[in-house]
Every structure is written in structure tokens, then in C-alpha cells.
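A.B. asks: pasting the sequence and the predicted coordinates here, then a few questions.
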Amino acid sequence: MLSHDLGDGAELRPLEPWQAEEFLAHMDRARELVDPWIPWASVSTDLASATATLRRYADKQAADTGRLFGIWLDGVLVGGTMFVAFDANSGNCEIGCWLEPAGTGRGLITTAVQVLIDWALHTRGMHRVEWHCDPKNVASSNVARRLGMTLEGTLRSAYPWNGSRRDTEIWAILRS
């Protein structure tokens, strides 16, 4: 997939290490909205760390264990979605996303994630697609709900972040 038209001037395409400067500028615009929910956003603070983040996902793509895609709106990177985990052998994967303020309220995440879900289930033959989010991130839970995912449960105090333990909701959709 070189690019996928999301409509209204938006497109989904791979986000790769050679785009680190653009990614860093985007992260700087997105940081306030993204940092409370996505731990890796706070580690992309300069060109070297932004490049390292993108390389990690390039390595995951090469190993078929993850992928990273950007969302461009009128030619400007405003967000993205990714396979956080992708296990073709078990047929399970996890999708995540992020967005800067300029991209909110347009349905970009829901549309982009639906593209990834369709690809995972129908092209790659995955059985299960998961969505993990903090229950306090209502916008993220709403995306899972709009995508027809089922809330399977909440992992209480699942991980440390910014000095406290955070819960994680597990949403999923099955190929069946």
C-alpha cells in the first residue's frame, strides 16, 4: 500500500524513517494531546529519537510484527495508526492510533483504522484485532465502539505511566 485515500483531502500511507523530520514536527504539534495516552510519543523529542521510533517500526514491518502509517491532511502529517503488535502465526494483532488537534473531529482515525482492520482480517487472514486504551481516553473508547468492537474487559493497574498505574480497556473484533 503506497497510499489510501481517506476522503476530504486525507490519505493514509506508510510512515518511515526517512520522514523523521516531518514526524518530529508533527509530534511537537501533537504532544499535548498524545502524551497522556501514548508512552512512546514522549520519547520522540529530537531528530535522533524520532528517527529511532520510526526505525523501530520499520524493523517490526521487516519482521512482519508491526507497521506504522501516517495520516496526511492536505499534505500535512496530522496523525497515524499502527499495528502495535502483529502475530500472523496466532492470527492476532493490536491496532493503535494518535492524532494532533488539527486532525480531530473529522473521522480520520475511525476511517484509517477501518482500513487496517479490513487489511488485517481479509488480506492477511488475521482472526482477532485488538484495541487497547486507557478508560479515561473516552475518544479512543468511542473509536473502538464506532468500529463495532466489543469491550472484553479492563486490566486494572496494568502499566506505570507518569508516576501512576494506569488501567487498560481491551476491545476486540473477530473475523467471524
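C.D. replies: Received the coordinates, thanks.

A.B. asks: which positions in stretch 75-83 come out as buried?
C.D. replies: By neighbour count on 16 or more other C-beta atoms under 10 Å, the buried set for stretch 75-83 is 77-83. Just so you know, the C-beta spots here come from the backbone N, C-alpha and C atoms, and that holds for glycine as well.

A.B. asks: kindly apply the preceding question to stretch 90-103 instead.
C.D. replies: Applying 16+ other C-beta under 10 Å to stretch 90-103 flags 91-100, 102-103 as buried.

A.B. asks: let me know the closest of the residues you listed to His132.
C.D. replies: Glu94 (6.2 Å; C-beta to C-beta).

A.B. asks: any idea which element the closest one lies in?
C.D. replies: Glu94 belongs to strand 92-99 when assigned by DSSP states H and E.

A.B. asks: do the same with Gly105
C.D. replies: Gly105 belongs to no helix or strand, assigned by DSSP H and E.

A.B. asks: now it. Its backbone dihedrals?
C.D. replies: Backbone torsions for Gly105, taken as degrees, to the nearest 10, come to phi 80, psi 10.

A.B. asks: quick one: pLDDT of it?
C.D. replies: In this prediction, Gly105 carries a pLDDT score of 92.

A.B. asks: check the one 4 residues further on too.
C.D. replies: Looking at Ile109, its pLDDT reads 96.

A.B. asks: and Leu54, what element?
C.D. replies: helix 47-62.

A.B. asks: give the buried residues for that helix.
C.D. replies: So for helix 47-62, counting by 16+ other C-beta under 10 Å, buried means 49-51, 53-54, 57-58, 60-61.
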